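> Predicted coordinates and the sequence they were generated for:
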Amino acid sequence: MSTEVPLWWEDGALSLIDQTALPHEVRTRRCTTWEDVAEAIRALRVRGAPAIGLAAAYGLALAAAERPGGSPSERLARLRVAAAGLRATRPTAVNLAWALDRLLAAADATPDPELLPQRLLAEAHTLARADLAINRRMAAHGAALFPEGCSVLTYCNTGMLATGGWGTAFGVLRQAHEDGRGIRVVACETRPVLQGARLTAWELLRAGIPATLITDNAAATLMRAGEVDTVIVGADRIAANGDTANKVGTYALAVLAHAHGLPFYVAAPLSTVDLATPEGHVIPIEERSPDEVTMLAGARVAPAGIAVRNPAFDVTPQRLITAIVTEAGVLRPPYAVTLRAALEAESGRRSAGQSPASGDRAAGTADVGAAR
């Protein structure tokens, strides 16, 4: 079992850390079919935009190996059925669809259908390696944003559990800590599923980062008291104009940061950027089970029969975002320009055969955009 990555390929199957058991138990789950992977994504056994994209990629590789017979068109049709099933598990995070599209393109480009299982597995491995490299690159860019000794508030879970390793926003925090910047982290519990209390707190302790856990509704009080210097969060989808979907409650933190004059950063890979979505209001928002609100640790905390709304995400307008940290650098407004430019540059690097993490650590200070 690995505790440095949330999922890994082993003995012809996808193994993953079952995040529903944390922090009390580090339990693994073995997925041998794409349906197993879909269930794991839907049940939050694996979660976080990059991680569910990787899980879906391995799920499609499993689908390619399940029924090897049939004509090329039949095999591609079965793959598309599996891809549709995986795609439907969680609608907000664009990384899931992005990863599936990458593997479907690889399948379409494979002339011999007998090679599909190994071709798709190789592509899934490539995405996993790239995600880890991208996260390390992003961390180098973002760590320079934090002054010595600052207190950083974060939300939900954006660590290795949510990615292919290291993390996005959490990866930036981890890098700043390892660079000796003396940061202190304030972690919000993140209701209703408590990803901050269960997962981020677990990762903070393992990384040795000084940290304090708070209830979500304590953030404003700490900001007014001067106990928070900056905020950094992840993202599940970034629209072309910079509007950002993330765990519900993020928008409230952005409003609070703006009211208190605090920087509000988003850290996410470029695979999270969706240029086909012009603005945040058209991002599909997943509505999850009422039980997540009415139940806590298996016990009912609300009266039976009460109506419940449980949107899993909200959208933060780009005007409230100070900067977006990506593997290409720290992007500044106007995001409609800087996001597109970063994507075009990354596409050019891939066309030239360069790694997404190419370049040296010194480039971690890159800062792109008109506003400072």
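Structure received.
> Check what pLDDT residue 352 gets.
We have a pLDDT of 74 for residue 352.
> Correction: the previous question concerned residue 366.
54.
> repeat for residue 66
On the pLDDT scale, residue 66 gets 87.
> could you pull out the helices for the stretch 251-372 of the chain?
291-294, 335-351 (DSSP state H, counting those that start in this stretch).
> Pipe these into a markdown table and attach mean neighbour count per row.
Just so you know, the C-beta spots here come from the backbone N, C-alpha and C atoms, and that holds for glycine as well. Listed next are the helices of the stretch 251-372 of the chain as a markdown table, based on neighbours: other Cβ atoms under 10 Å:
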| stretch | mean neighbour count |
| --- | --- |
| helix 291-294 | 16 |
| helix 335-351 | 16 |
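> With distance to residue 155 added, can I get these in TSV?
Formatted as TSV, the helices of the stretch 251-372 of the chain follow (distance: least, Cβ to Cβ, whole Å):
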stretch	distance to residue 155
helix 291-294	17
helix 335-351	20
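> Residue 211: which of those helices is closest?
helix 291-294 (24.6 Å; Cβ to Cβ).
> For that closest one, the averaged confidence score.
On average, helix 291-294 scores 97.
> re the thing from before, which of the helices of the stretch 251-372 of the chain has the lowest mean pLDDT?
Among these, helix 335-351 carries the lowest mean pLDDT (a mean of 90).
> Alpha carbons only: can I get that one in PDB?
Extracted C-alpha coordinates of helix 335-351, given in PDB (Å, rounded to 0.1, in the frame of the first residue of the first chain):
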ATOM      1  CA  TYR A 335      -7.800  35.800 -16.800                       C
ATOM      2  CA  ALA A 336      -9.500  35.600 -20.200                       C
ATOM      3  CA  VAL A 337      -6.200  36.500 -21.700                       C
ATOM      4  CA  THR A 338      -3.700  34.800 -19.300                       C
ATOM      5  CA  LEU A 339      -5.500  31.500 -19.000                       C
ATOM      6  CA  ARG A 340      -5.700  31.100 -22.800                       C
ATOM      7  CA  ALA A 341      -2.100  32.100 -23.300                       C
ATOM      8  CA  ALA A 342      -1.000  29.600 -20.700                       C
ATOM      9  CA  LEU A 343      -3.000  26.800 -22.300                       C
ATOM     10  CA  GLU A 344      -1.600  27.700 -25.800                       C
ATOM     11  CA  ALA A 345       1.900  27.700 -24.500                       C
ATOM     12  CA  GLU A 346       1.400  24.400 -22.700                       C
ATOM     13  CA  SER A 347       0.000  22.900 -26.000                       C
ATOM     14  CA  GLY A 348       3.000  24.200 -27.800                       C
ATOM     15  CA  ARG A 349       5.300  22.500 -25.300                       C
ATOM     16  CA  ARG A 350       3.500  19.200 -25.700                       C
ATOM     17  CA  SER A 351       3.700  19.500 -29.500                       C
END
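> Can you name every helix or strand that it contacts?
strand 273-274, strand 323-326, strand 329-331, strand 367-368 (3 or more Cβ pairs under 8 Å, 6 or more residues apart in numbering; DSSP states H and E).
> Of all those strands, which one comes closest to residue 176?
Of those, the one closest to residue 176 (Cβ to Cβ) turns out to be strand 323-326, at 11.6 Å.
> Can you list the buried residues in the closest one?
323, 324, 325, 326 (16 or more other Cβ atoms under 10 Å).
> check contacts around the most centrally placed residue in the chain.
With distances taken as Cα atoms, centre = their mean, residue 49 lies nearest the centre of the chain, 3.3 Å away. By Cβ atoms under 8 Å, 6 or more residues apart in numbering, the contact list for residue 49 reads 93, 94, 95, 96, 162, 234, 235, 236, 237, 268, 272.
> ok, back up a step: make JSON lines out of the helices and strands packed on helix 335-351 and add distance to residue 53.
JSON lines is the format used below for the helices and strands packed on helix 335-351 (distance: least, Cβ to Cβ, whole Å):
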{"stretch": "strand 273-274", "distance to residue 53": "13"}
{"stretch": "strand 323-326", "distance to residue 53": "16"}
{"stretch": "strand 329-331", "distance to residue 53": "21"}
{"stretch": "strand 367-368", "distance to residue 53": "24"}
